[in-house]
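Undergrad: Model the following, please.
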Amino acid sequence: MRNIKNKKISIVGAARSGLAAARLAKKFGAKPFVSDAGDERKFTEAIKTLRKEGIPFEFNGHTSRVFDCDLLVVSPGVPDDSDVMATARSKGIETISELEFASCFVSSKIVAITGTNGKTTTTALCSYLLNFAGIKTATAGNIGVALSDVVLSSEKYEAIALEVSSFQLDHIKEFKPYVSAIINITPDHLNRYENSFGKYIAAKARIFENQGKDDYLIINLDDRNIPSVSADVQQFGISLENEVGKGAYYSKGVLFFANASKVEAVAEWSKCNLQGEHNIYNSLVALTVGKIFGISNRSIQEAFSTFKGVEHRLEFVKEINGIKFVNDSKATNVDAVWYAIRSFDEPLFLILGGQDKGNDYSRLDGEVKKRVKKIYAIGSSAKKVYEHFHEIVETEIKDSLEACVQAALKEANAGTVTLLSPACASFDMFKNYEHRGKAFKEIVNGVQE
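TA: Here you go, the predicted structure:
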């Protein structure tokens, strides 16, 4: 446990994780100060919390006070090339992420999940499986609950299932999960990594850099982008393409686990609630976590059969006049949309677009030709989406989600799916992907049949 009593700790970023880190610092006797460059008018709830806790703060920019500290805790939304980070580096101030800071006070076994896609579903499934088997587990990280909030809770957990982003891993020092997993790595967030895919891969790989011989690492053997592992850690592989000697694999509708020359048929995929090829990978990770924790095959199958999935990830909303509406707002990159499209046999009306992150849409061309009847392009990337796809499939620019839903109701036929799977961030039109997904659901649920 890090001794922070009477230490001055500056927290940069006043969103969810920043507020939690500030409260955690105060709990352990430090002197926190919160600084955010954002407009204070957008932080009314945060300001109420800080005032209630007696924690000093500033908004509308960073003053010199933020650098008068022994330690700086940075929220994941603050980029490394920002002025505040550059100044902190020039002053030699120790800087760590909220993930690193909170983990210093954790005694529970951490199951840390990263990857470009599937992190949320896999983290939620791991947590569900562990709790189903009687292992009291919290769910935290990028999934919506800051790890600091779990530490602040009075609850005692045996394990914590933690969704971890590359941004959170950028500023770790001693973060050491009991189990870590890298589901996949495809180009994303390259604007944060100087347009270098190699730097993005290196950030993801930091998840296991502090693990040792008593810890476990799960990697996707089918993903050639995941770097080779030289760390002294017990390694398991997952695969849909081949049988594996140590780990989990899928073959002919069955999820298998292999270890020490023993192969077990653990779960039948047809009895699992999730759908889509990507969810087989997610389930193989969770299965391996279950076996590491000694959970029986029967419990794993029962958990997989009753898990309902997560909000905003291929979430069925409603069927109207035979048209299914599906919310996949969490698909914020091209690879996530590729998997989403492949999850359906029905013809698709695809809602695509938002705040572009340097997307290469050509990855989708083959699946769009085979499965998509029309694309509705939205958001600040609408023109780019239109320019790329209009010669491949009928494409139309729309100014709102509501306009997309109304168009689909007129143009789609019974037996089709209208899929919101944007491949983009949401910040051009919404607060976050959750806000976008909720707005879509409200529009669909508000349709008068």
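
Undergrad: Can you tell me the element Phe256 falls in?
TA: Per DSSP states H and E, Phe256 falls inside strand 254-259.

Undergrad: elements contacting that strand?
TA: Under the contact criterion of 3 or more CB pairs under 8 Å, 6 or more residues apart in numbering; DSSP states H and E, strand 254-259 touches strand 247-251, strand 262-268, helix 277-292. Any C-beta I mention is one placed from the backbone N, CA and C, and that applies to glycine too.

Undergrad: In three-state terms, label Glu174 for me.
TA: Recorded secondary structure, Glu174: coil (DSSP: H, G, I helix; E, B strand; the rest coil).

Undergrad: how many other residues sit next to the residue lying closest to Lys109 once chain neighbours are set aside?
TA: Spatial nearest neighbour of Lys109, excluding adjacent residues (CB to CB, 6 or more residues apart in numbering): Tyr178 at 4.0 Å. Tyr178 sits with 18 neighbouring residues when counted by other CB atoms under 10 Å.

Undergrad: returning to what we had before: got JSON lines for the helices and strands packed on strand 254-259, with distance to Phe105 too?
TA: Listed next are these as JSON lines, based on distance: least, CB to CB, whole Å:
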{"stretch": "strand 247-251", "distance to Phe105": "32"}
{"stretch": "strand 262-268", "distance to Phe105": "35"}
{"stretch": "helix 277-292", "distance to Phe105": "23"}
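
Undergrad: of all those, which lies closest to Ala203?
TA: Closest to Ala203 of these is helix 277-292 (CB to CB; 19.3 Å).

Undergrad: Show me which residues of that closest one are buried.
TA: 278-292 (16 or more other CB atoms under 10 Å).

Undergrad: ok, so of the residues you listed, who is nearest Val111?
TA: Among the buried residues of helix 277-292, and counting by CB to CB, the member closest to Val111 is Val289, at 5.7 Å.

Undergrad: Skipping its backbone neighbours, what lies nearest that closest one in space?
TA: Spatially, and ignoring its direct neighbours in sequence, Val289 is nearest to Cys126 (5.0 Å; CB to CB, 6+ apart).

Undergrad: For the one you found, the count of nearby residues, please.
TA: Cys126: 30 surrounding residues under other CB under 10 Å.

Undergrad: Next, Arg51: secondary structure please.
TA: Applying three-state DSSP: Arg51 is helix.

Undergrad: and it, how many residues sit next to it?
TA: By the criterion of other CB under 10 Å, Arg51 has 11 neighbours.

Undergrad: what does the model give it for pLDDT?
TA: Looking at Arg51, its pLDDT stands at 97.

Undergrad: going forward can the numbers begin at 468, since that is how I track them
TA: Let's use 468 as the start, then, which means that last one is Arg518.

Undergrad: measure it to Leu486 for me?
TA: Separation of Arg518 from Leu486 (CB to CB, to the nearest Å): 12 Å.

Undergrad: pull the CA atoms of whichever strand or helix holds Leu486 into CSV?
TA: Using DSSP H and E, the secondary-structure element containing Leu486 is helix 483-494. Coordinates of the C-alpha atoms in helix 483-494 are reproduced here as CSV (Å, rounded to 0.1, in the frame of the first residue of the first chain):
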residue,chain,number,x,y,z
ARG,A,483,-15.9,9.9,-12.9
SER,A,484,-12.4,8.5,-12.2
GLY,A,485,-10.9,11.9,-11.2
LEU,A,486,-13.6,12.5,-8.6
ALA,A,487,-13.1,9.0,-7.2
ALA,A,488,-9.4,9.4,-7.1
ALA,A,489,-9.7,12.7,-5.2
ARG,A,490,-12.0,11.1,-2.6
LEU,A,491,-9.7,8.1,-2.2
ALA,A,492,-6.7,10.4,-1.7
LYS,A,493,-8.6,12.2,1.0
LYS,A,494,-9.6,8.9,2.7
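
Undergrad: to the chain's geometric centre, what's the distance from that helix?
TA: Distance of helix 483-494 from the chain centroid (CA atoms, centre = their mean, to the nearest Å) equals 21 Å.

Undergrad: swap in stretch 587-597?
TA: Centroid separation for stretch 587-597 versus its chain: 12 Å, with CA atoms, centre = their mean.

Undergrad: Excluding sequence neighbours, find me the nearest residue to Asn726.
TA: Distances taken as CB to CB, 6+ apart place Lys713 nearest to Asn726, at 5.7 Å, with adjacent residues excluded.

Undergrad: So the one you found sits against Gln702, correct?
TA: Yes: using CB atoms under 8 Å, Lys713 is in contact with Gln702, at 7.3 Å.

Undergrad: that older thread, for the residue nearest to Asn726, the count of nearby residues, please.
TA: Count around Lys713 with other CB under 10 Å applied: 14.

Undergrad: just checking, what packs against the lowest-mean-pLDDT helix or strand in the chain?
TA: Between all helices and strands in the chain, the lowest mean by mean pLDDT, DSSP states H and E belongs to helix 664-672, at a mean of 86. Applying 3+ CB pairs under 8 Å, 6+ apart, one finds that helix 664-672 makes contact with helix 633-636.

Undergrad: Just checking, which helix or strand succeeds the helix it packs on along the chain?
TA: As assigned by DSSP H and E, the chain's next helix or strand after helix 633-636 is strand 646-649.

Undergrad: Run through who's touching that next one.
TA: 576-582, 589, 671-672, 674-675, 678, 682-687, 690, 693, 752, 755-756, 759 (CB atoms under 8 Å, 6 or more residues apart in numbering).

Undergrad: In helices, which of the residues you listed appear?
TA: Secondary structure assignment by DSSP state H places 589, 671-672, 752, 755-756, 759 of the contacts of strand 646-649 in helices.

Undergrad: Off-centre distance for the helix or strand hosting Gln873?
TA: According to DSSP H and E, Gln873 maps onto helix 868-878. Its chain's C-alpha centre lies 29 Å from the corresponding centre of helix 868-878 when counted by CA atoms, centre = their mean.

Undergrad: Not counting its own residues, what contacts it?
TA: 787-788, 790, 792, 816, 818, 841, 843, 845, 863, 865, 885, 887, 903, 906-907, 910-911, 914.
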